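Engineer: any chance you could fold what I've pasted below:
(2 chains)
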Protein chains: 2
Amino acid sequence: MLSTMMDDQLSLATLLRYASTFVGDSTVSTWTGDGVRTMTYREVGADSARLANALTDLGIAEGDRVGTFMWNNNEHFLAYIAIPAMGAVLHALNIRLSAEQLIFVADHAEDQVVLVDGSLLPMFAQYLPHLKTVRHVIVVNGDVAALSAPEGVTVHDYAELLAKYPAEYDFPVLDERTASSMCYTSGTTGDPKGVVYSHRSNWLHAMQATTPSSMGITNDDTMLAIVPLFHANAWGLPYAALLSGANMLMPDRFLQPVPLLEIMAAVKPTFAAAVPTIWGGVLAALNASPQDITHLRSVVVGGAAAPPAMMKAFDEKHGVQVIHAWGMTETSPLGSVAQPPQGVTGEAAWAYRVTQGRFPAGVRARLVGDDGKVVPNDGNSLGEVEVRGPWITGSYYSPDGAEVDPSKFDDGWLRTGDVGKISPDGYLTLVDRSKDVIKSGGEWISSVDLENAVMGHPAVAEAAVIGIPDEKWDERPLVAIVVAEGATVAPEELREFLADRFAKWQLPEYWTFIAEVPKTSVGKFDKKRLRAQHADGELDVTVVG
Amino acid sequence: MLSTMMDDQLSLATLLRYASTFVGDSTVSTWTGDGVRTMTYREVGADSARLANALTDLGIAEGDRVGTFMWNNNEHFLAYIAIPAMGAVLHALNIRLSAEQLIFVADHAEDQVVLVDGSLLPMFAQYLPHLKTVRHVIVVNGDVAALSAPEGVTVHDYAELLAKYPAEYDFPVLDERTASSMCYTSGTTGDPKGVVYSHRSNWLHAMQATTPSSMGITNDDTMLAIVPLFHANAWGLPYAALLSGANMLMPDRFLQPVPLLEIMAAVKPTFAAAVPTIWGGVLAALNASPQDITHLRSVVVGGAAAPPAMMKAFDEKHGVQVIHAWGMTETSPLGSVAQPPQGVTGEAAWAYRVTQGRFPAGVRARLVGDDGKVVPNDGNSLGEVEVRGPWITGSYYSPDGAEVDPSKFDDGWLRTGDVGKISPDGYLTLVDRSKDVIKSGGEWISSVDLENAVMGHPAVAEAAVIGIPDEKWDERPLVAIVVAEGATVAPEELREFLADRFAKWQLPEYWTFIAEVPKTSVGKFDKKRLRAQHADGELDVTVVG
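Structural biologist: Here you go, the predicted model:
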C-alpha cells in the first residue's frame, strides 16, 4: 500500500529559498583581522542567484563540478549552498593537500570552474597549469592580474562577475538523490578517494545536526566554524545553519589561538567546532591570558579523540561544555555525538562524555569481529565498527564505473577501519585502527591501549605497539620502546607494570628498544614503517614472560 | 550525477530497533487513576515482536490495515510502532466519531483486525456487527467474554495472545514510501477523508518534532500526550519519543483537568501537548487549587487558536511556556510552530507567540488569492494558505483509485482551507476559513475579525458575519447580532464602533438582529445555516452607511 504523502524532494534549492526568506535576517560574518564583514541570508540568496547565473553562463550545467580553494568566509559559505542549489556539484578542495594530491583530486573530480581566495592565489598558481579540466578561475577578494592563466583558462573577478547578473535564478527542485557535493578522503595510503553527497544526505544530516541529541543548533546560535569547509563536508555546519537560521561566524585565515580568542571576544559565538589540537591551543592561550568564553554554550570536538583533561579544563575552569563527536568524510560526517543519556549529569556524565559518543537513530552501527561475524554491543567485545544510514557513503566515486576499494564495504555497510566497543545504550569507544589492532588467537588487543599504558611508566618516553606474526596465535604484540633521557628499564619491569591493567593473554612478550618511533608527515606513529623494519630484521627483539 | 550515498530507507523498523536497544531504558507509562504502569522501550520492542508474530498468524500481511480503538496507553503506543514496523498499516480509530462515521471509516479503510481497550468494549460492541471487513478483535486489558462476536469474527485476549509468541520478529526495512498508518479527517461536511502516512513522512516529521525550532523533544523529556493518539497522527509524538528516547506519559481515560494535574504532580512531565480547551480547563483547576507545574519546560497547544490571555496566564502565573502550533491531519500534523525568532525574548516575543507559528524549512507555504495568484508574504496580504512538503498529503485515500476531493489540491500544493497572512519572516496568522472569508471586490475581509471586533461592543452578546451576494462587489459582509440581555443598539452605532479598526471599504453596511447564532453539534457558529436563512429571506436586513 502506497501512502498519499507528496513525493516532495529534500532538495537544497528549497533550503536556500527558505533561508533567504523566512530566516533572511540571519547572517554569515567573516573575521577581517580587526572586525567582521557581514551578509544576511537574504543577501546570500541574492548573491547565490547571481553566482548561479554566472556559472550557467560559464557553461556549468547540472552535475558539473565546481571547485573551491578557499578559507572559511562568506563567499565560501555562499558557494556551499549556491552551487548545489543550481544543480552543480560543489568540490571544496583541501588547500592543505600536497601538490600531487591536489592535482589528482581536481582532475579526478573533473572540476570545470574553481573559486579561489585572493590570499591563496600564489599557492593555486602553482597547481593551475597542471589541472586538466579547469576552464575558468574566479578570484574572490583578490587581484585577478596576479594570476597568469594558462591557455584555455579564463580568470574572472568574483565581485565584477556577480555584478553583471540579476539576483533571481530559478533554482531547480531536483531528485534528492542527485549529487550535491563531493569531498575526498585524505587517506595516508593510496590515492584520495571521493565521496559524493546528495541533496537528501545533506538535508537529513542538517536535520540531525539541529536535534538536541546531536549539536542542537538553533535559530539563536552563532556558530564559529573553525573546522575548514573543505574538511569532511564542513561537519555539516553550513546546511545546519541555513536550516535552523543560526548565524555563521567564519575565521577566514585567522586560525591561531590568539586571533580565535579575539574573534570570540568580539562576536561572542554560542557554538564552535574544531579538532582537538585547535582546542588545546585555545586552552593554552586562555591560561596565558584569561578571557570569559561562557558565551559558548557548547563546543564540538571531532576528527580525533580529545584528551579528557582538556575537556575537563574547559568545563571546570571556563564553564564551557566540550562535546566529543565521531565521524569521517564517509559519514557526512556526523556518526556519534557524546551527549550523556537521560538523567545523567555532572560528574557521572563524564563516563559518557569521554566516549566517541552515541549513535542516533539515523545511523545504524554494528561491530564485526575478525571472522566477519557480528559481535554484541555489550560494552566489552571489540570489533570493527560498521555503519549504515542515509548520510553514509555506499561506495567511492568512480569516473569510469570501476569499483574503488570495495573492501571498505560489507554487504551494505561501511567498514570504518576503526576498532571499538559499543555499550548496550549505544555509546562507541574506539580502541584502535583495524590495521593496527593485534589479532591474537581470535581475540583482539588494542595497540593504542598498550601504548598508552606503557607510556605511563616514568622510564618510557614513547612506545609504539605493532602486531607481529606468530605461528600459534596468528599475531602477538611487539612493544617498541623509546627510553626516557637518562633512564633505564628492563622489559620484565614494563611487563610487570602492565600486569594489573591487562588480562594475562594480552601481556606482550616481545619487546624492542628503539631510538625514536618513525612518524608520518602529520606526526602520527608510522606503524607501517615499524612493521617493515621488523620484517626486515632491523629490530632487536627480546622475549620475556 | 548520482551521489555515492547509501540508498538507506527511513523505515520505522529501524526506529523500533533503535528505540528498543540504544534508548531501551526509556519508558512509556500509563496513569491508572492512582499511579502508573510502566514499560521500558526494551519491553516495547519485545512485545512489538510478539504482537507482530500474533498479527502475522492472524493473516495480517504487508499493507493490511489494523485498527485501534483505544485510549492513550502503553499498548496503544506499542501498536503505533509495532504495526507499521511489521509492514502493516495502523488505523487509529477515533472513538469520538458518530456510529455512522466510525463504521464508514473502518469499512473504507478495510480494517482486518482491531485492538480495543476493555473499557471501550460496550461502545465497540455496538459497531462490531456492522463492520464488514473486521475478522479479529483483540481485547486489551478487558473481559473477552463481554464481547459477543458476530459470525466470522474471532475475539482474542491481548495478553494471552502475546504470551504465545516469541519476543523476536524480523521487522522488514521497507521502501520508505510504503504506507505506515492512516488517519481520517473529521470534516463537518461530507464523508471523512483518509490520509495515508508513509514510513518516510513519519520519520522526517519525527526529526522535525525533535528540532528546537519545533517541539525540541530530547532524551531528557517526559512527554504527557493528552492529545489522543487517534487524532491527527498523534501530533507525531510517539515517533518523536522513539527517535529521541524521551519518555512517554499516557493519561489513558483520565482527561479531566483534576486527574491531569494529579498525573503531573505524580510524574512531573517536562512537556505536554493538548488542544486549547484542555489547557483552559487545567488553568481553571490550577486557579482553584494551586500546584507547581514548573516541571513543564513547555506545553504545545494546537488544533485551534489558543486565547492569548490563557497563554499569558500560564506564562506569568505558572512559569510555563505555552507554544502555539498549527497543522492538520493532512500535514502529519506539524505545519508551523510559534517559537519566537532569533534574539526576541520576553514581552517582545508575544507578537510572535500568538501567531499560528513559523514554517520550518521542510514545509513550503504560500498564500493564494481569489484569482488563483500567489499573494506576497508581506504580513498584510490575505490568501488561502497552501503548503507542500514531504510530510504533507498529496491526495486522499481512495480504495478504487478514483480521485477524492481533488479541489483540495492545487498543482502539487495542499489547499488548507485556512485564510491568513504570512510575515516576511515566515509567521502565519490565520484570519478565517476560506469558505467564510468575504470576497469583496477582489479583496478579502475576515469574518472572524469583524465578529471579534463587534463582540467587543457592550450591547452585543454574540455576532456572526457571513458574506452575502452583491452585484457590484461580488460579496459584502452581513453582520448578525444577538443583543445582550436588556441592551439596545442601532446598526449605525455598531458601524461607527468598527470605524477605527477597519478600512472604510471593509465596514459592513448589512446588519440583522437575531435571537441566537445557529451552532453546529460541536458548538461552532453554523454559518452554512445562517447563509441558508438569508437566502430563504428569513433574515430582516437593515442597510446603513
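Engineer: got the domain boundaries for chain A?
Structural biologist: A:8-199, A:436-543 (automatic domain parsing).
Engineer: now do the first one, average pLDDT.
Structural biologist: When you say that, I think you mean domain A:8-199. Averaging pLDDT along domain A:8-199 yields 96.
Engineer: what count of nearby residues applies to the residue of the stretch 401-545 of chain A found nearest chain B?
Structural biologist: Residue nearest to chain B within the stretch 401-545 of chain A (C-beta to the nearest C-beta): A:Gly426, separated by 3.1 Å. (Glycine included, C-beta is placed from N, CA and C.) Per other C-beta atoms under 10 Å in any protein chain shown, the neighbour tally for A:Gly426 reads 23.
Engineer: before we move on, the earlier item: JSON lines for the domains of chain A, including mean neighbour count and distance to B:Ala273?
Structural biologist: Formatted as JSON lines, the domains of chain A follow (neighbours: other C-beta atoms under 10 Å in any protein chain shown; distance: least, C-beta to C-beta, whole Å):
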{"stretch": "domain A:8-199", "mean neighbour count": "20", "distance to B:Ala273": "24"}
{"stretch": "domain A:436-543", "mean neighbour count": "16", "distance to B:Ala273": "47"}
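Engineer: dump the ones you listed into TSV; add distance to chain B as well.
Structural biologist: Shown next, in TSV, are the domains of chain A (distance: least, C-beta to the nearest C-beta, whole Å):
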stretch	distance to chain B
domain A:8-199	3
domain A:436-543	23
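Engineer: of all the ones you listed, which one is nearest B:Ile217?
Structural biologist: Checking these against B:Ile217 by C-beta to C-beta gives domain A:8-199 as the closest, at 20.9 Å.
Engineer: who are the packing partners of the longest helix seen in chain A?
Structural biologist: When chain A is parsed with DSSP state H, its longest helix is helix A:41-57. Packing partners of helix A:41-57 (3 or more C-beta pairs under 8 Å, 6 or more residues apart in numbering or on different chains; DSSP states H and E): helix A:12-21, strand A:27-31, helix A:74-85, helix A:158-163.
Engineer: now the end-to-end length of stretch A:348-368.
Structural biologist: End-to-end distance for stretch A:348-368: 29 Å, by C-alpha to C-alpha, to the nearest Å.
Engineer: tell me if it is near chain B.
Structural biologist: Yes: applying C-beta under 8 Å from any C-beta of the partner chain, one finds stretch A:348-368 touching chain B at A:358-359, A:361-362, A:364.
Engineer: tell me how far the nearest residue to A:Tyr80 once chain neighbours are set aside lies from B:Ile392.
Structural biologist: Of all residues not flanking A:Tyr80 in the chain, A:Pro238 sits nearest, at 4.4 Å (C-beta to C-beta, 6 or more residues apart in numbering or on different chains). Here A:Pro238 is placed at a distance of 26 Å from B:Ile392 (C-beta to C-beta, to the nearest Å).
Engineer: same deal with A:Ser48?
Structural biologist: Counting by C-beta to C-beta, the gap from A:Ser48 to B:Ile392 is 26 Å.
Engineer: does A:Leu229 touch A:Phe77 like I think?
Structural biologist: Yes: if you go by C-beta atoms under 8 Å, A:Leu229 and A:Phe77 touch, sitting 7.3 Å apart.
Engineer: between these two, which contacts overlap?
Structural biologist: Each of A:Pro238 lies in contact with both A:Leu229 and A:Phe77 under the rule C-beta atoms under 8 Å, 6 or more residues apart in numbering or on different chains.
Engineer: got the phi/psi numbers for the closest residue to A:Tyr397 other than its chain neighbours?
Structural biologist: Spatial nearest neighbour of A:Tyr397, chain neighbours left out: A:Gly194 (3.3 Å); criterion: C-beta to C-beta, 6+ apart. With angles defined as degrees, to the nearest 10, A:Gly194 sits at phi -90, psi 140.
Engineer: with the one 5 residues further on instead?
Structural biologist: Comment: the main-chain dihedrals of A:His199 come out as phi -60, psi -40, following degrees, to the nearest 10.
Engineer: give the contact list for it.
Structural biologist: Here A:His199 is in contact with A:9-12, A:84, A:174-178, A:180 (C-beta under 8 Å, 6+ apart).
Engineer: for stretch A:263-271, how far is the first residue from the last?
Structural biologist: In stretch A:263-271, first residue to last residue: 13 Å (C-alpha to C-alpha).
Engineer: do that stretch and chain B meet?
Structural biologist: No: judged by C-beta under 8 Å from any C-beta, stretch A:263-271 makes no contact with chain B; its nearest approach is 11.0 Å.
Engineer: out of the residues of stretch A:348-368 next to chain B, who's nearest A:Leu162?
Structural biologist: Within the residues of stretch A:348-368 next to chain B, proximity to A:Leu162 (C-beta to C-beta) peaks at A:Gly362, which comes in at 36.6 Å.
Engineer: tell me which of the domains of chain A sits nearest to A:Arg388.
Structural biologist: Of all these, it is domain A:8-199 that lies closest to A:Arg388, at 14.5 Å by C-beta to C-beta.
Engineer: ok now the closest one, how far from the chain's centre?
Structural biologist: Distance of domain A:8-199 from the chain centroid (C-alpha atoms, centre = their mean, to the nearest Å) equals 19 Å.
Engineer: and the spatially most central residue of chain A, how far from B:Thr4?
Structural biologist: The centroid of chain A falls nearest to A:Ala232 when counting by C-alpha atoms, centre = their mean (4.1 Å). Applying C-beta to C-beta, the value for A:Ala232 to B:Thr4 is 15 Å.
Engineer: go on, A:Pro259?
Structural biologist: In terms of C-beta to C-beta, A:Pro259 sits 37 Å off from B:Thr4.
Engineer: bridging residues for the residue nearest to A:Tyr397?
Structural biologist: For A:Gly194, the beta-bridge partners are A:Tyr184 (DSSP bridges).
Engineer: so who does it touch?
Structural biologist: Listed by C-beta under 8 Å, 6+ apart, the contact set of A:Gly194 reads A:105, A:108-109, A:182-184, A:396-397, A:404, B:4.
Engineer: redo those as CSV? Include distance to B:Lys317.
Structural biologist: Below are those laid out as CSV (distance: C-beta to C-beta, whole Å):
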residue, distance to B:Lys317
A:Val105, 62
A:His108, 65
A:Ala109, 61
A:Met182, 55
A:Cys183, 53
A:Tyr184, 58
A:Tyr396, 60
A:Tyr397, 60
A:Val404, 64
B:Thr4, 56
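Engineer: just those residues: which are in helices?
Structural biologist: Short answer: these in helices (DSSP H) are A:105, A:108-109.
Engineer: for the helices and strands packed on helix A:41-57, give me TSV that also has distance to A:Tyr510.
Structural biologist: Converted to TSV, the helices and strands packed on helix A:41-57 look like this (distance: least, C-beta to C-beta, whole Å):
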stretch	distance to A:Tyr510
helix A:12-21	54
strand A:27-31	52
helix A:74-85	50
helix A:158-163	59
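Engineer: among the ones you listed, which is nearest A:Lys435?
Structural biologist: It is, among these and with distance given as C-beta to C-beta, helix A:74-85, at 33.0 Å.
Engineer: tell me the angle that closest one makes with helix A:41-57.
Structural biologist: On the basis of axes from the mean of the first three to the mean of the last three C-alpha atoms, to 10 degrees, helix A:74-85 is oriented at 60 degrees to helix A:41-57.
Engineer: got the angle for helix A:74-85 vs strand A:27-31?
Structural biologist: Orientation of helix A:74-85 against strand A:27-31 (the same axes, to 10 degrees) gives an angle of 140 degrees.
Engineer: then helix A:74-85 to PDB, C-alphas only?
Structural biologist: Written as PDB, here are the backbone C-alpha positions of helix A:74-85 (Å, rounded to 0.1, in the frame of the first residue of the first chain):
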ATOM      1  CA  ASN A  74      31.200  34.500   3.500                       C
ATOM      2  CA  GLU A  75      31.800  33.600  -0.100                       C
ATOM      3  CA  HIS A  76      32.800  30.100   0.600                       C
ATOM      4  CA  PHE A  77      29.600  29.600   2.700                       C
ATOM      5  CA  LEU A  78      27.600  31.100  -0.200                       C
ATOM      6  CA  ALA A  79      29.300  28.700  -2.700                       C
ATOM      7  CA  TYR A  80      28.400  25.800  -0.300                       C
ATOM      8  CA  ILE A  81      24.700  26.400  -1.000                       C
ATOM      9  CA  ALA A  82      24.500  28.200  -4.300                       C
ATOM     10  CA  ILE A  83      26.500  25.600  -6.300                       C
ATOM     11  CA  PRO A  84      24.400  22.500  -5.200                       C
ATOM     12  CA  ALA A  85      21.100  24.500  -5.300                       C
END
